[in-house]
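Asks: Provide a 3D model corresponding to the input given below.
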Amino acid sequence: MAARRTADPTKTREAVSAVAAWLRDDTVAPPERSALAEAVRLTARTLASVAPGASVEVRVPPFVAVQCISGLAHTRGNPPNVVETDPRTWLLLAAGLLTMADAAAEGALRSSGSRAGEVADWLPIVELPK
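Replies: The predicted structure is shown next:
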C-alpha cells in the first residue's frame, strides 16, 4: 500500500488559488479534473492534520475521505459522524467563501452525528485574498 501524502501549506494554497476564479464565479469554466482533485485532496488532508483524530469523517467524493477531530475513533462500518459534500462546495467551505450552515441549508452538504458540526470550527483552511 502506498504511503498517504500529507498536505504542504504552500502547495495547498497554490492548489486552491489555481481554482479560485471558478470558486468565486461559477460561470467561469470549471478547472481541469486534476487541478480540482489536487485542491480537494490537499485541503482535506490539511484539515486532517490541523484537527487530528478519527471521530468525524469528511467525504468529498470522488476525490477523498479523511478522518479528523479528536475523540472516540471510528474503526468499522459506517461512521457515526460524517460530513459529505461535492468538490466545489468543499472548496468553498475550505476557502471561507461559504459556511457549513449555509451549505447545509442549500442542500449542498449532508452531515450526521453529534460531532459533525465541529468541522466548522476548523474552517476556513485557506483564505483566498479578496
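
Asks: alpha carbons only for contacts and neighbour counts from here, please
Replies: Noted.

Asks: How about the contacts made by A44?
Replies: V58, V64, A65, V66 (CA atoms under 8 Å, 6 or more residues apart in numbering).

Asks: same question, R59
Replies: So R59 contacts A65, V66, V82, V83, E84, T85 (CA under 8 Å, 6+ apart).

Asks: all strands for the chain, in order.
Replies: Secondary structure of the chain, counting by DSSP state E: strands at 56-60, 64-68, 82-85, 109-112.

Asks: Save the ones you listed as JSON lines, and put in distance to E32 too.
Replies: What follows is those, written out as JSON lines (distance: least, CA to CA, whole Å):
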{"stretch": "strand 56-60", "distance to E32": "17"}
{"stretch": "strand 64-68", "distance to E32": "17"}
{"stretch": "strand 82-85", "distance to E32": "19"}
{"stretch": "strand 109-112", "distance to E32": "23"}
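
Asks: which of those strands sits most buried?
Replies: Among the strands of the chain, strand 56-60 has the highest mean neighbour count (mean count of other CA atoms under 10 Å), at a mean of 24.

Asks: what angle sits between that one and strand 64-68?
Replies: When axes from the mean of the first three to the mean of the last three CA atoms, to 10 degrees is applied, the directions of strand 56-60 and strand 64-68 differ by 160 degrees.

Asks: What strands line up against strand 56-60, and which way round?
Replies: Sheet pairing of strand 56-60 (DSSP bridges) gives strand 64-68 (antiparallel), strand 82-85 (parallel).

Asks: shaky segments in this structure?
Replies: Along the chain, segments meeting pLDDT under 70 span 1-6, 73-77, 130.

Asks: Repeat the analysis, applying 80 as the threshold.
Replies: Residue ranges of the chain with pLDDT under 80: 1-7, 72-79, 129-130.
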